[in-house]
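[1] Sequence and predicted model, in that order:
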Amino acid sequence: MSTSRHAAMAAGVLLAVALLLACMTSREGAPAPELQESKTVAADGGAAMAAPPGEPAAAPNTDKAARREDVQRPVEATKKKIIKTADVRMQVADYAACRKAIDAHVTAHGAYIASENENNDGHTLENTLVIRVEAERFDALLAALAGEASYLHTKSVNARDVTEEYVDVAARLRTRREVEARYVEILRQARTIPDVLAVEKELRVLREEIESAEGRLKYLNDQVDYSTIRLTVYQTLAFAPAPGEGIGSRLLAALREGWSGLVTLFVGLVYIWPFWVLVGIIVWLLVRYRRRLLARRAAAQPAAGAPKS
C-alpha cells in the first residue's frame, strides 16, 4: 500500500515537471508580443505549476488566452481617446482689458488657468497662460480667445490619438490584477517561509506595475478630458526714459557716493592689516640695514684719510 502511494506521488511530481517544461517550451516558441509581456506574468505561471494539488494547473494557459483576447480586441470597440492642444501667440492693444476678457472667457467656458508667467521689460508687457478646458468646449474657447487679438501671430492646434496606447495599458492592467488575485490565493496556501517570501516578492513587483499602469491611465484620462491651450498675450509699450535729475541732487548723490567709497576704502585697508604689519617689518629692517651701512662707511673714511707717520 505504501509502495503504491509513493509511486502515485512520484507520478504526480513527474507530471507536474512535464507540464512545467511544456509550458516553458510553449513560451519560448510564442510570438514576439507575448515574449514582451511582463516577467511577473511568467513567474505566476511557474507559481501556479508549483501550487498545491488543489490549485488548477491550467491557470497560466487561461491567463495567456485572456491576454491574447485583450490584444486582439479591436481598437474601434473603445471610445476614441484624443488629446487636443493649442498654441496661440497674439498682440493686443490694451493688455489690462484683454486680461479681464480672458478671465471672463475662461469662466464662461468652465475652464481654469493652470499657470501663468507675466513679464515686463519696459518695452513689452507679456503673459503666457496655460489654460485647461473640457474637450467639448475646446474649440469654442479657442475661438473666443483668438478674437481678443489685435494681431494674431501664430495659432496651431494638435490632436493626438492615444486610443491604442490606452487600450493596451488597460488590457495589461486587467491582466495584472487577475494575476495578483491568483498570487494572493497562492500566498494563503503557502506553508513554508521561503514560499511566502517568494510570493510576496512577486506580489510587490506586480503591484508596482499595477500602480504604474493606473497612473498612466489616470494621466491619459486627464489629458483627454481636459484639453490644453497655451496662450501668449503681449502689448508693446511706449518707452519712457526716467526724468532727468537737477544739478543739486546730482551733487548730493556724488557726495554720498564719494563718502561711501572712502568708507569702503578704509574698511578694505583695515581688512589687510597683516599685510601692513609685514610691510612695516620689511621697512624697519631696510632702514636698520642702511643705518649700519652708513655707520661703517663713516668709520672707514677717517681711517683711510689719516696721514702716514
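    On my side now, so go ahead.

[2] which secondary structure element contains residue 212?
    Residue 212 is located in helix 193-225, with elements delineated by DSSP states H and E.

[3] Show me what that helix is packed against.
    Using 3 or more C-beta pairs under 8 Å, 6 or more residues apart in numbering; DSSP states H and E as the contact test, the elements touching helix 193-225 are helix 39-49, strand 82-91, helix 163-189. Where C-beta positions appear, they are placed from N, C-alpha and C, glycine not excepted.

[4] if you set the cut-off to 6 Å instead, what comes out?
    Under the contact criterion of 3 or more C-beta pairs under 6 Å, 6 or more residues apart in numbering; DSSP states H and E, helix 193-225 touches helix 39-49, helix 163-189.

[5] Tell me which of these is the most buried.
    For the helices and strands packed on helix 193-225, the largest average neighbour count (mean count of other C-beta atoms under 10 Å) is found in helix 39-49, namely a mean of 20.

[6] Please report the distance of residue 100 from residue 120.
    As judged by C-beta to C-beta, to the nearest Å, residue 100 and residue 120 stand 17 Å apart.

[7] Repeat that for residue 151.
    19 Å.

[8] Which one's more surrounded, those two?
    Neighbour tally, residue 151 and residue 120, criterion other C-beta atoms under 10 Å: the higher count belongs to residue 120, 13 against 9.

[9] So which bits of the helix holding residue 212 are buried?
    Buried residues in helix 193-225, counted by 16 or more other C-beta atoms under 10 Å: 195, 198-199, 202-203, 206, 209-210, 213, 216, 220, 223-224.

[10] tell me the mean pLDDT for whichever strand or helix holds residue 248?
    Assigned by DSSP H and E, residue 248 falls within helix 247-271. The average pLDDT within helix 247-271 is 84.

[11] which sections of the stretch 201-309 of the chain are below the confidence cut-off?
    Low-confidence segments of the stretch 201-309 of the chain (pLDDT under 70): 239-246, 302-309.

[12] go on, the stretch 1-150 of the chain?
    Within the stretch 1-150 of the chain, the ranges that satisfy pLDDT under 70 run 1-78.

[13] can you do 90?
    1-80, 121-123 (pLDDT under 90).

[14] where's the residue nearest to residue 173 when sequence neighbours are not counted relative to residue 187, distance?
    Excluding its sequence neighbours, the residue lying closest to residue 173 (C-beta to C-beta, 6 or more residues apart in numbering) is residue 213, at 4.1 Å. From residue 213 across to residue 187, the span is 21 Å (C-beta to C-beta).
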